[in-house]
Structure formats: structure tokens, C-alpha cells
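*Asks:* okay, here's the prediction I keep looking at, along with the sequence it came from:
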Amino acid sequence: MFYLILIVLLVAAVAGPSYWVKYIMEKYSQPHDRYAGTGAELARALLDQANLPQVRVEMTKLGDHYDPLEKVVRLAPDKFNDRSLTAITVAAHEVGHAMQDRDGYLPLKMRTRLVQLAAPAEKLGAAILMLAPLVMVLARAPIAGALFLAGGLLTLGTATLVHLLTLPMEMNASFARALPLLERGNYLKPGDAPHARRLLKAAAWTYVSASLMTLLNIARWWTIIRR
């Protein structure tokens with residue numbers, strides 16, 4: 001019974017943030033036309049106000065993010081085109097990262113470097129994951145399971161570690177950059193400020209929550225291999 005409770009608590013700790021982020025984002029994505037401008041339009045206006053006319057705003061299917069190498073704020077279609085509270089708040093969060101880049105914010109530089117360093121480890125992990133089933137068939141030994149676990153941790157665990165280490169940077173983009181922009185410019189409708197704060201917190205946790213969820217796949221496949 002103790003182990004069952006422990007497992008439930010661990011799963012809740014891993015999966016909980018992901019479901020919370022998704023719930024918050026979806027809750028305030030309606031109505032789609034709450035604001036006069038789209039997320040993309042607000043991002044452009046905020047970038048110009050922050051003396052960042054060189055930073056572009058583009059639509060992407062790879063998730064909302066700021067690319068410090070290409071100098072681009074990229075928004076998913078629902079944030080790029082919608083006029084919801086979610087759309088404008090997430091757009092402001094990504095502009096916050098562009099402002100960090102403008103200011104030479106050290107944690108952003110560190111995250112960019114960490115992502116570059118993590119890439120080889122993730123490639124190695126992916127290769128191990130591909131080889132693990134073959135080793136399992138040929139060797140029929142516990143080493144296959146160990147290989148799979150190592151590959152999974154390298155591929156997915158590395159990203160999780162990077163996102164956890166850089167969570168303070170995400171919070172800075174939300175509450176030291178984006179929120180003041182929204183408040184000073186009176187962009188938020190009356191009564192929306194508390195909801196925008198929840199959204200900004202969710203935006204900061206987006207990558208952490210997503211990478212935590214991928215760790216569940218490691219545990220699931222590890223259980224299958226152990227059988």
C-alpha cells in the first residue's frame with residue numbers, strides 16, 4: 001500500500017504541472033476575440049516599444065518560443081491569430097525573453113548554451129533507444145533494459161534538467177518583463193490582471209511541464225522491458 005501511494009504521488013508530481021498548464025491555457029483562450037489585437041500584433045507593438053524593431057514575429061507549429069539566435073518571437077497559430085487573454089499574455093511572455101536577450105541577461109545566455117551542450121547527449125540517447133530493442137532480442141539480458149533507461153534519461157531527462165535549471169529565467173520573463181509591459185501599457189481589460197498572472201506562471205512552466213511528462217514514457221517503457 002505504501003508503494004502504491006508513493007507511485008501515485010510521484011505520478012501526480014510529474015503529470016500535475018502539465019495538466020495545470022494545459023487547463024490554464026485553455027481556460028483563458030475563450031473568447032477568441034476578447035481583445036482588439038491578436039497575439040502577433042501585440043508582440044509586434046511591445047517589441048517596437050522595447051526598441052527591438054529587428055526582432056521578427058512569426059507563426060510556428062513548434063510551440064511558442066523566442067529564438068535568441070535568429071532573433072524571432074515565434075507563436076503557435078492560436079496565439080498568433082487569436083485575440084484571447086491567453087494569446088496576448090503568452091505573446092508578452094515571449095517578448096519578455098527578447099528583452100532579456102537585449103539586456104544581455106546572463107541566465108538566458110546560459111540556457112542557450114545549455115541547450116547547445118544538451119543536443120549531443122540527446123542524440124546519443126536517441127541512438128541508444130534505437131539500439132536497445134535489438135540488444136534485448138539478441139542478448140536477452142538485463143543490459144537491454146539498462147541501455148533503454150540510459151538512453152531515455154539522456155534523451156528526455158537532459159531536456160528536463162535544462163528546463164528545471166532555467167525556470168527562474170522563465171519566471172523573470174513573465175513577472176519582471178511581460179507583466180510590467182502589460183500593466184504600464186494598460187493592455188489588460190479591468191479584472192483580467194489576476195488571470196494574466198496565472199497565465200504568465202503557466203507560460204513559465206510550459207517547457208518544464210512538457211518535459212516532465214516525457215519522463216513518464218521512460219518509466220512506462222522501463223516497466224514493459226522489465227516484464
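*Replies:* Yes, it's here.
*Asks:* every contact and neighbour count from this point should use C-alpha atoms.
*Replies:* Fine.
*Asks:* avg pLDDT for stretch 201-210?
*Replies:* Along stretch 201-210, the predicted local confidence has a mean pLDDT of 84.
*Asks:* and the helices in the chain?
*Replies:* 2-27, 39-49, 77-81, 85-102, 106-139, 143-152, 158-165, 167-172, 179-184, 193-226 (DSSP state H).
*Asks:* select from these the stretch with the lowest mean pLDDT.
*Replies:* helix 143-152 (a mean of 60).
*Asks:* show me the contacts for the nearest residue to residue 31 once chain neighbours are set aside.
*Replies:* Using CA to CA, 6 or more residues apart in numbering and skipping residues adjacent in sequence, the residue nearest residue 31 is residue 84, 5.9 Å away. Neighbouring residues of residue 84 by CA atoms under 8 Å, 6 or more residues apart in numbering: 28, 29, 30, 31, 32, 33, 34, 35, 38, 39.
*Asks:* run the last query once more with 7 Å
*Replies:* 28, 29, 30, 31, 32, 33, 34, 35 (CA atoms under 7 Å, 6 or more residues apart in numbering).
*Asks:* which among the residues you listed end up buried?
*Replies:* Neighbour counting with 16 or more other CA atoms under 10 Å marks 28, 29, 32, 34, 35 as buried within the contacts of residue 84.
*Asks:* I'd say the third one and residue 82 touch.
*Replies:* Yes: the criterion here is CA atoms under 7 Å, and residue 32 meets it with residue 82 at 5.4 Å.
*Asks:* still on that earlier bit, ok, the residue nearest to residue 31 to residue 159 distance?
*Replies:* Here residue 84 is placed at a distance of 30 Å from residue 159 (CA to CA, to the nearest Å).
*Asks:* what of residue 27?
*Replies:* In this view, residue 27 and residue 159 are 27 Å apart by CA to CA.
*Asks:* same check on residue 43?
*Replies:* Between residue 43 and residue 159 the distance, using CA to CA, works out to 27 Å.
*Asks:* which one's more surrounded, the two?
*Replies:* With neighbours defined as other CA atoms under 10 Å, residue 43 and residue 159 compare such that residue 43 has more, 29 against 24.
*Asks:* what's around the residue nearest to that one when sequence neighbours are not counted, how many residues?
*Replies:* What sits nearest to residue 43 in space, not counting adjacent residues and going by CA to CA, 6+ apart, is residue 91, at 5.4 Å. By the measure other CA under 10 Å, the count of residues near residue 91 is 31.
*Asks:* next up, the contacts around residue 91.
*Replies:* Under the criterion of CA under 7 Å, 6+ apart, the neighbours of residue 91 are 39, 40, 43.
*Asks:* the first one reaches residue 86, doesn't it?
*Replies:* No: Residue 39 is not in contact with residue 86 according to CA under 7 Å; the separation is 8.5 Å.
*Asks:* got the contact list for residue 82?
*Replies:* Contact partners of residue 82, counting by CA under 7 Å, 6+ apart, are 32, 33, 38, 39.
*Asks:* make JSON lines out of the residues you listed and add distance to residue 99.
*Replies:* Below are these laid out as JSON lines (distance: CA to CA, whole Å):
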{"residue": "32", "distance to residue 99": "27"}
{"residue": "33", "distance to residue 99": "27"}
{"residue": "38", "distance to residue 99": "20"}
{"residue": "39", "distance to residue 99": "17"}
